[in-house]
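Asks: Sequence first, then the predicted structure, then my questions.
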Amino acid sequence: MESPQHHKAQSGHFKPVGPLTGRIAVPGDKSISHRALIFSTLAVGKSEINGLLEGEDVLATAAALRAMGAKIEKTGDTWTVHGVGVGGLMQPETALDMGNSGTSTRLLMGLIASHDISATFIGDASLSGRPMGRVIDPLGLMGADIQARMQDDKACLPLTVRGICPAIPLEYRLPVASAQVKSAILLAGLNTPGITRVIEPTPTRDHSETMLKGFGADLSVEVDDNGVRTISLVGEAELKPQSIKVPGDPSSAAFPVVAALLIPESDIVVENIGINPTRAGLFGVLQKMGGDIVFENERRVGGEPVADIHVRHSDLKGIDVPANIAPSMIDEFPILFIAAALATGTTTTSGLHELRVKESDRLSQMAEGLISLGANVTEKEDGLVIQGSDGKPLSGGGNKPAIKTALDHRIAMSFAVAGLTSKAGVTVDDMSPVETSFPGFRDIFLGLSAQ
Ligand SMILES: O=C(O)C1=C[C@@H](OP(=O)(O)O)[C@@H](O)[C@H](O)C1
Ligand SMILES: C=C(OP(=O)(O)O)C(=O)O
């Protein structure tokens with residue numbers, strides 16, 4: 001019932017709306033939700049999770065963990081996980097269907113790599129084109145045997161991981177700034193004797209480190225003078241069950257936040273959003289562009305900083321977005337590009353090669369879609385240069401061909417927001433991928449514009 005769906009395309013039309021007003025919440029953080037389920041599975045005993053994102057990506061992780069022996073159920077608003085303990089995973093009987101989810105795939109590959117089991121990973125057309133060599137290389141060094149389909153010299157799904165126990169502890173310097181690769185290695189390290197070390201020249205989201213410490217793992221982080229982080233994890237860990245509250249997802253909050261900045265007279269609060277600095281880069285960039293964004297009621301929930309985000313309509317100015325901020329807002333560039341297209345002046349982005357290997361090539365999909373709506377966009381190898389419209393709505397238009405979303409939820413949601421701020425509305429060819437990360441997306445916007 002909860003295995004990932006492979007949907008039929010469902011187009012959507014988004015018309016200009018009046019001011020957005022009111023208070024809303026968005027679903028739970030996707031990164032933290034995946035990790036809450038995985039770490040709870042590795043604890044001995046019963047963990048409880050509140051605020052879990054019930055999007056298809058997270059449900060794919062849950063289904064795979066069940067197939068490897070975890071008992072995962074929902075009662076009322078609370079998810080309970082009866083963990084099997086580090087080293088206790090069972091051999092899954094069928095292939096693990098990861099749907100559209102890169103995080104599920106790469107983290108679970110790491111988990112399986114140091115267990116004496118094997119698993120085949122399959123996924124949808126988007127996921128099946130994404131590069132897996134970045135996890136295959138370090139997990140191979142730890143002793144796992146991974147056989148993948150090759151596509152244009154790139155290792156891709158379907159692939160089979162044959163884990164090894166005991167695996168060999170690894171010291172690994174990340175060649176690409178990726179929290180998924182870091183987390184895959186740490187997960188493999190949990191059931192490996194000795195110390196596993198990941199060296200991270202550019203910091204990425206640190207939820208795995210924070211949560212592993214919370215679950216009782218012996219993990220330390222050292223930061224040198226150049227900001228290079230070394231994460232050391234003592235293996236053969238024993239994790240203790242936890243009670244976890246998942247904050248609202250800043251990557252989902254990004255859509256109503258940008259919509260409220262762009263639509264005149266809007267004034268909204270998005271409640272209970274994670275503002276971990278390794279995730280919240282977009283909000284700082286929008287503030288630099290002149291966006292009226294205030295963090296209210298700042299507090300900590302389960303080790304993560306959280307705030308209510310108050311946003312009012314603002315006249316945005318284009319800026320030069322520094323490349324080193326990219327990891328802290330890597331999933332938010334599509335919606336930033338919409339904001340930039342309506343700002344006054346030029347916005348320049350760079351250092352964004354990674355955007356080409358997400359659910360779609362987000363640089364080319366966004367450039368193509370924005371140009372079709374009348375925006376002035378230049379696509380470079382590692383970023384977009386966008387000449388803003390000086391606040392004038394993009395033309396959009398009923399007879400323009402639908403925007404192509406290429407199975408990418410963030411492209412779909414970005415152009416939905418573009419439609420709300422356009423002259424004549426925007427049609428998006430397929431809104432079904434939105435279910436991967438933001439169930440209820442449309443209703444939340446309807447609520448804000450109806451008030
Ligand atoms: O670790 C995670 O939860 C994620 C890391 C990022 O991917 P990369 O590690 O590929 O940058 C991000 O794009 C993804 O949505 C979630
Ligand atoms: C890149 C994303 O997710 P994943 O890598 O898990 O598919 C995303 O949610 O924008």
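Replies: The structure has been received and is ready for your questions. Ligands and ions are numbered 1, 2, ... in the order given.

Asks: What ranges in this structure fall below the confidence cut-off?
Replies: Low-confidence regions of the chain, defined by pLDDT under 70, span residues 1-6, 397-398, 450-451.

Asks: Specify the residue ranges that define each domain of it.
Replies: Here the domain parsing of the chain from automatic domain parsing is 12-28+247-450, 30-241.

Asks: I'd like the ones you listed as CSV, with mean neighbour count appended.
Replies: (C-beta placed from N, C-alpha, C; glycine too.) Output for those, formatted as CSV (neighbours: other Cβ atoms under 10 Å):
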stretch, mean neighbour count
domain 12-28+247-450, 20
domain 30-241, 20
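
Asks: So which of those domains is nearest ligand 2?
Replies: domain 30-241 (2.7 Å; Cβ to the nearest ligand atom).

Asks: Can I take it that residue 255 is in a helix?
Replies: Yes. Note on residue 255: a helix contains this position according to DSSP: H, G, I helix; E, B strand; the rest coil.

Asks: Okay, and the closest residue to it other than its chain neighbours sits in which element?
Replies: Closest residue in space to residue 255, ignoring its immediate chain neighbours: residue 413 at 5.1 Å, by Cβ to Cβ, 6 or more residues apart in numbering. Residue 413 belongs to helix 409-420 when assigned by DSSP states H and E.

Asks: Return the alpha-carbon coordinates of stretch 312-322 using CSV.
Replies: Written as CSV, here are the backbone C-alpha positions of stretch 312-322 (Å, rounded to 0.1, in the frame of the first residue of the first chain):
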residue,chain,number,x,y,z
ARG,A,312,5.8,40.3,3.4
HIS,A,313,5.6,41.3,-0.2
SER,A,314,8.9,43.1,-1.2
ASP,A,315,10.5,44.7,-4.3
LEU,A,316,13.4,42.3,-5.0
LYS,A,317,16.7,43.3,-6.5
GLY,A,318,19.0,41.0,-8.5
ILE,A,319,22.3,39.9,-6.8
ASP,A,320,25.4,37.9,-7.5
VAL,A,321,24.8,34.6,-5.5
PRO,A,322,28.2,33.4,-4.2
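
Asks: residue with max distance from the center of the chain?
Replies: Going by Cα atoms, centre = their mean, the residue of the chain most distant from its centre is residue 399, 32.9 Å out.

Asks: Would you mind measuring from it to residue 425?
Replies: Applying Cβ to Cβ, to the nearest Å, the value for residue 399 to residue 425 is 11 Å.

Asks: Likewise for residue 320?
Replies: Using Cβ to Cβ, we find residue 320 at a distance of 32 Å from residue 425.

Asks: isn't residue 297 right up against residue 308?
Replies: Yes. Distance between residue 297 and residue 308: 4.9 Å, which falls inside the contact criterion (Cβ atoms under 8 Å).

Asks: residues from the protein in reach of ligand 2?
Replies: Counting by Cβ under 6 Å from any ligand atom, the residues of the chain close to ligand 2 are 57, 101, 102, 103, 331, 358, 359, 410, 437.

Asks: ok, now with 5 Å
Replies: For the chain, the contact set with ligand 2 under Cβ under 5 Å from any ligand atom comprises 101, 102, 103, 331, 358.

Asks: returning to that earlier point: just to be sure, the residue farthest from the centre of the chain is in a helix?
Replies: No. Read with three-state DSSP, residue 399 is coil and lies in no helix.

Asks: In contact with the closest residue to residue 7 other than its chain neighbours: list those residues for me.
Replies: Here the nearest residue to residue 7 in space, its sequence neighbours aside, is residue 432; by Cβ to Cβ, 6+ apart that works out to 3.7 Å. Applying Cβ atoms under 8 Å, 6 or more residues apart in numbering, one finds that residue 432 lies in contact with 7, 8, 9, 10.

Asks: Quick check: phi and psi at residue 432.
Replies: Here the main-chain torsion angles of residue 432 (degrees, to the nearest 10) amount to phi -60, psi -30.

Asks: try residue 74
Replies: When quoted as degrees, to the nearest 10, the phi and psi of residue 74 stand at phi -120, psi 130.

Asks: Spatially, and excluding backbone neighbours, which residue is closest to it.
Replies: residue 80 (7.8 Å).

Asks: For residue 157, see how far away that neighbour is.
Replies: Counting by Cβ to Cβ, the gap from residue 80 to residue 157 is 30 Å.

Asks: ok, now residue 395?
Replies: Relative to residue 157, residue 395 is positioned 39 Å away (Cβ to Cβ).

Asks: ok, now residue 257?
Replies: Applying Cβ to Cβ, one obtains 33 Å for the distance of residue 257 from residue 157.

Asks: Likewise for residue 255?
Replies: Looking at residue 255 against residue 157, where the rule is Cβ to Cβ, the gap reads 28 Å.

Asks: hang on, the earlier thing: would you turn the contacts of residue 432 into JSON lines with neighbour count and distance to residue 23?
Replies: As requested, those are exported to JSON lines (neighbours: other Cβ atoms under 10 Å; distance: Cβ to Cβ, whole Å):
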{"residue": "7", "neighbour count": "17", "distance to residue 23": "31"}
{"residue": "8", "neighbour count": "7", "distance to residue 23": "34"}
{"residue": "9", "neighbour count": "12", "distance to residue 23": "33"}
{"residue": "10", "neighbour count": "14", "distance to residue 23": "29"}
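
Asks: out of these, who's nearest ligand 1?
Replies: Comparing the contacts of residue 432 against ligand 1 with Cβ to the nearest ligand atom places residue 7 closest, at 19.5 Å.

Asks: pretty sure the closest one is touching residue 435, no?
Replies: Yes. Using Cβ under 8 Å as the test, residue 7 is close enough to residue 435 to be in contact (7.3 Å).

Asks: does residue 233 sit in a helix, a strand or a coil?
Replies: Per three-state DSSP, the local secondary structure of residue 233 is strand.

Asks: Could you give the bridge partners of it?
Replies: Partner residues in beta bridges with residue 233: residue 196, residue 219, with DSSP bridges as the criterion.

Asks: can you pull the contacts of it?
Replies: 186, 189, 190, 195, 196, 197, 212, 217, 218, 219.

Asks: I'd like those as a markdown table, with distance to residue 111 appended.
Replies: Output for these, formatted as a markdown table (distance: Cβ to Cβ, whole Å):
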| residue | distance to residue 111 |
| --- | --- |
| 186 | 10 |
| 189 | 11 |
| 190 | 8 |
| 195 | 18 |
| 196 | 13 |
| 197 | 18 |
| 212 | 13 |
| 217 | 14 |
| 218 | 18 |
| 219 | 16 |
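
Asks: which of these lies closest to ligand 1?
Replies: Distance to ligand 1, by Cβ to the nearest ligand atom, is smallest for residue 186 among the contacts of residue 233, at 11.0 Å.

Asks: residue contacts, the closest one?
Replies: 110, 196, 198, 208, 209, 212, 219, 231, 233.

Asks: near ligand 1, which residues of the stretch 201-350 of the chain?
Replies: Contacts of the stretch 201-350 of the chain with ligand 1, taken as Cβ under 5 Å from any ligand atom, map to 330, 331.
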